[in-house]
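**Q** fold the following.
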Amino acid sequence: MRNITETVKHLLIINGIFFLATLTLGNQVYDWFALHYPNNPKFEIWQPLTHMFMHGDISHIFFNMFGLWMFGTPLEQMWGKKKFIFFYLSTGFGAAALQLLLYYYQIDYVNAALNELGLTNLDINNFYSTAELPTSAINEIGEGSLSSAFNAYRSVMVGASGALYGVLVGFAMLFPNAQLMLLFPPIPVKAKFLVPILIFADLFFGFSSYSIGPIAHFAHVGGAITGLAMMWYWKKNQFDNNRWDL
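**A** Prediction:
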C-alpha cells in the first residue's frame, strides 16, 4: 500500500475534522465555511479556502480523499511539501474562481435585464430572497435564466474536487503512461488519456442539461486549467525545486 506523505496526511485529517463538524453541528457549518456567492450575506472572506475542506456526504469525501491520497502522494514525494501545498491550494482557488465567474455572468445578465424592465435594486434583492417576480418579468426573461441566476446567488460550493482535478493534471503530466483503472468499465487507461477525458466530460455536462446532481463542473475545469497553467509555467521556466526545500 502506498505510504501517505506528510502534507497529504494532514489534508486528509483536516477534511475529516470538517466533515465530522458538519455531522455534529449541521447546516451552521455550511453557512460558515462553504463558499457562497460574494454578494450573498452568508459570504465570508475565508470561504474560498475553507470550502475545499467541506463535503456534502460520505461518498463525496471518500472519493475525493481517495483521489488525494492516490495522486497527491506521488506529487508530494517528487516536489516536497511546500511546493505541493502551494500547487494544491492554488488549483483549489482557481477552481472556485472559474465557477464564481460563471455565476457572476448568470446573475449579471439577469440583473441587467430586470433593470431594463424597470425593477429597482430593492426588487432584485427581494427576488434573490423570495424568488418572487412580476409575471411580466418572468415571461420577458424566461424561467431558465431566472432559475440559473437565483440558484447561482444562493449556491453553496463545497469539496476538494477542484483542487483534486489540478492534482490529476499534475499527475498526468509527470506520469503520463501510468495505468489507471476505470471503475465502469473496469479497464486500464493511461493517465495522459484518462484525465483529458474527465475534463471534456465536465465541459460537456457543464454546457448541457444532462448533469446528474448539483455538481460544479466548471470548478473541476477551473482546477484543471490552473494546474495545467502552473505545470506549463514551471516547466517553461525550469522551476528551481530547491526553492521549495524544507
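**Q** all contacts plus neighbour counts: C-alpha atoms, from now on.
**A** Fine.
**Q** note down every partner strand of the helix or strand of the chain with the lowest mean pLDDT and its orientation.
**A** Each helix and strand of the chain was given a mean pLDDT (mean pLDDT, DSSP states H and E); the minimum falls on strand 179-181 at a mean of 80. Using DSSP bridges, strand 179-181 pairs in its sheet with strand 188-190 (antiparallel).
**Q** longest helix in the chain, by number of residues?
**A** Assignment by DSSP state H gives helix 81-116 as the longest helix of the chain.
**Q** in it, what counts as buried?
**A** 81, 83-85, 87-100, 103-104, 106-107, 110-111, 114 (16 or more other CA atoms under 10 Å).
**Q** likewise for stretch 125-144?
**A** In stretch 125-144, counting by 16+ other CA under 10 Å, buried: 128, 133, 137.
**Q** can you redo those as a markdown table with secondary structure and pLDDT?
**A** A markdown table is the format used below for the buried residues of stretch 125-144 (DSSP: H, G, I helix; E, B strand; the rest coil; pLDDT from 0 to 100):
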| residue | secondary structure | pLDDT |
| --- | --- | --- |
| 128 | helix | 94 |
| 133 | coil | 91 |
| 137 | helix | 88 |
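**Q** quick one: which of these is nearest residue 201?
**A** Using CA to CA, residue 128 is the member of these that lies nearest residue 201, at 30.8 Å.
**Q** in contact with that closest one, which residues?
**A** Going by CA atoms under 8 Å, 6 or more residues apart in numbering, residue 128 touches 150, 153, 154.
**Q** give me the distance between it and residue 60.
**A** 28 Å (CA to CA, to the nearest Å).
**Q** what of residue 113?
**A** Counting by CA to CA, the gap from residue 113 to residue 60 is 37 Å.
**Q** got any ranges where this structure has weak pLDDT?
**A** Within the chain, the ranges that satisfy pLDDT under 70 run 1-2, 182-184, 209-214, 238-246.
**Q** all the strands of it, residue numbers only.
**A** For the chain, applying DSSP state E gives strands covering 35-36, 156-157, 179-181, 188-190.
**Q** was I right to think residue 42 contacts residue 31?
**A** Yes - counting by CA atoms under 8 Å, residue 42 does reach residue 31; the two are 6.3 Å apart.
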